[in-house]
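Trainee: coordinates only, no sequence provided:
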Ligand code: KG4
Ligand code: ZN
């Protein structure tokens, strides 16, 4: 059995986790969310500085919870991207240093693979094929996933513009606090989801079936707020916006399952915590005979356990480790869970 250390620093969470044989043994998380609140979004330099301070304490916490010593670590997995450049670099550099000092393999991990793999820690191995809908603050993706350690991941579609941050931006328009997702979720409970017929973006027959776009919806909310006279029915606007997002996300995810004859849908990312997105996904999956797997909220958002989960799959599949001069991957589609792009190499993903 190999104790795999996972490190995640692609955005504003400093996550460290320890996984062995598909079991999460311990993890720890620090977030710089409060420090970004007054800017209404994540400031990369602030996030990177907090990662620097938090990484060692989080490592110690995670090891303490797992009940193992640093020397017991048998492999290190670190997010190699995509994410905020300065933030990714901190965790990747730490991962390289730990791997080098321990003399153990390093696995550079694609952040999106982590979001899909985390489900394994709660529900066991993934089926042979599944569709993963990842709706996070900075990314929205629809993936066709097979064996994460061996098969390439098929990127079905991403967002053309905003992702989960649309919740943060709409919350700002409505005078609600940051992060906006939980605030909208809360006030929407008292609102009518059918009060305002907001657009369902990219759902006409001519649109790419798996692509998302939320900036038009956000603008529609802004126009509605501008035009409104008298006290704004915030709960109705929040509920109607949330309904448009939930409808669009679940429609496309279900279509992807149907089109690819897949009977399992993974729903992950911070927005998977949204009560209406979850409820509608459950309802539509049940009606279509599709099994829905949603990790618990703390594992849906960025964390170290998800990267350790990928590392554990790679170790158990005997995957080739990444070179120690691995460079960060700051864009591009997910092709494989393991990232092996060396600074000096030809620049291909493997
Ligand atoms: O997965 P995550 O930590 O972000 C990235 O990986 O980028 O998710 C953060 C996002 C934020 O935009 C936040 O507003 C949203 O998830 N969020 C929610 C809820 N809880 C968090 N959105 C809608 N409803 C929620 N209950
Ligand atoms: Zn993420």
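Mentor: Nice, thanks for sending it over. Model, not experiment: these values are computed from the prediction. Residues are numbered from 1 along each chain as shown. Ligands and ions are numbered 1, 2, ... in the order given.

Trainee: got a list of what the residue of the stretch 151-300 of the chain found nearest ligand 2 touches?
Mentor: Ranking the residues of the stretch 151-300 of the chain by distance to ligand 2 (CB to the ion) places residue 269 first, at 6.0 Å. All C-beta atoms are positioned from the backbone trio N, CA, C, and that covers glycine. Neighbour list for residue 269: 115, 133, 134, 135, 136, 139, 140, 164, 300, 301 [criterion: CB atoms under 8 Å, 6 or more residues apart in numbering].

Trainee: count the residues that sit near the closest residue to it other than its chain neighbours.
Mentor: Excluding the flanking residues, the one nearest residue 269 by CB to CB, 6 or more residues apart in numbering is residue 136, at 3.7 Å. Using other CB atoms under 10 Å, residue 136 has 23 neighbouring residues.

Trainee: residues in contact with residue 136?
Mentor: Shown in contact with residue 136 (CB under 8 Å, 6+ apart): 115, 163, 164, 269, 270, 271, 301, 302.

Trainee: if you set the cut-off to 10 Å instead, what comes out?
Mentor: 10-11, 111-112, 115, 163-165, 268-272, 300-302 (CB atoms under 10 Å, 6 or more residues apart in numbering).

Trainee: and the residues you listed, which is closest to ligand 1?
Mentor: residue 270 (2.0 Å; CB to the nearest ligand atom).

Trainee: roughly how far apart are the closest one and residue 315?
Mentor: Residue 270 sits 28 Å away from residue 315, going by CB to CB, to the nearest Å.

Trainee: how about the residue in the stretch 51-200 of the chain positioned nearest to ligand 1: what's its closest non-neighbour residue?
Mentor: As assessed by CB to the nearest ligand atom, ligand 1 sits closest to residue 181 within the stretch 51-200 of the chain, at 2.0 Å. In this structure, residue 181 finds its nearest non-sequential neighbour in residue 167, 4.0 Å apart by CB to CB, 6+ apart.

Trainee: so which strand or helix has the one you found?
Mentor: Per DSSP states H and E, residue 167 falls inside helix 165-173.

Trainee: show me what that helix is packed against.
Mentor: Helices and strands touching helix 165-173, by 3 or more CB pairs under 10 Å, 6 or more residues apart in numbering; DSSP states H and E, are helix 180-188, helix 215-227, helix 234-259.

Trainee: tabulate these in CSV, adding columns for mean neighbour count and mean pLDDT.
Mentor: Putting the helices and strands packed on helix 165-173 into CSV (neighbours: other CB atoms under 10 Å; pLDDT from 0 to 100) gives the following:
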stretch, mean neighbour count, mean pLDDT
helix 180-188, 21, 96
helix 215-227, 15, 96
helix 234-259, 22, 98
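
Trainee: for the residue nearest to residue 181, which residues are in contact?
Mentor: Residues in contact with residue 167 (CB under 10 Å, 6+ apart) are 135, 137, 176, 178-185, 214, 218, 238, 241-242, 245, 270-271, 274.

Trainee: again, only using 8 Å
Mentor: Per CB under 8 Å, 6+ apart, neighbours of residue 167: 179, 180, 181, 184, 245, 271, 274.

Trainee: list just the nearest of the residues you listed to residue 336.
Mentor: The nearest member of those to residue 336, counting by CB to CB, is residue 271 at 25.0 Å.

Trainee: tell me the spacing between the closest one and residue 76.
Mentor: Remark: distance between residue 271 and residue 76 (CB to CB) = 29 Å.

Trainee: helix or strand: which one has residue 56?
Mentor: Per DSSP H and E: helix 44-66 holds residue 56.

Trainee: tell me what that helix is packed against?
Mentor: Counting by 3 or more CB pairs under 8 Å, 6 or more residues apart in numbering; DSSP states H and E, the packing neighbours recorded for helix 44-66 are strand 3-8, strand 13-20, strand 23-31, helix 33-36, helix 85-102.

Trainee: hmm, try it at 6 Å
Mentor: When contacts are defined as 3 or more CB pairs under 6 Å, 6 or more residues apart in numbering; DSSP states H and E, helix 44-66 packs onto strand 13-20, strand 23-31, helix 85-102.

Trainee: hang on, the earlier thing: between which two of the contacts of residue 167 is the distance greatest?
Mentor: Farthest-apart pair in these is 179 and 245; separation 14.9 Å (CB to CB).

Trainee: and the residue of this protein closest to ligand 2?
Mentor: Closest to ligand 2 within the chain is residue 136: 3.9 Å, counting by CB to the ion.
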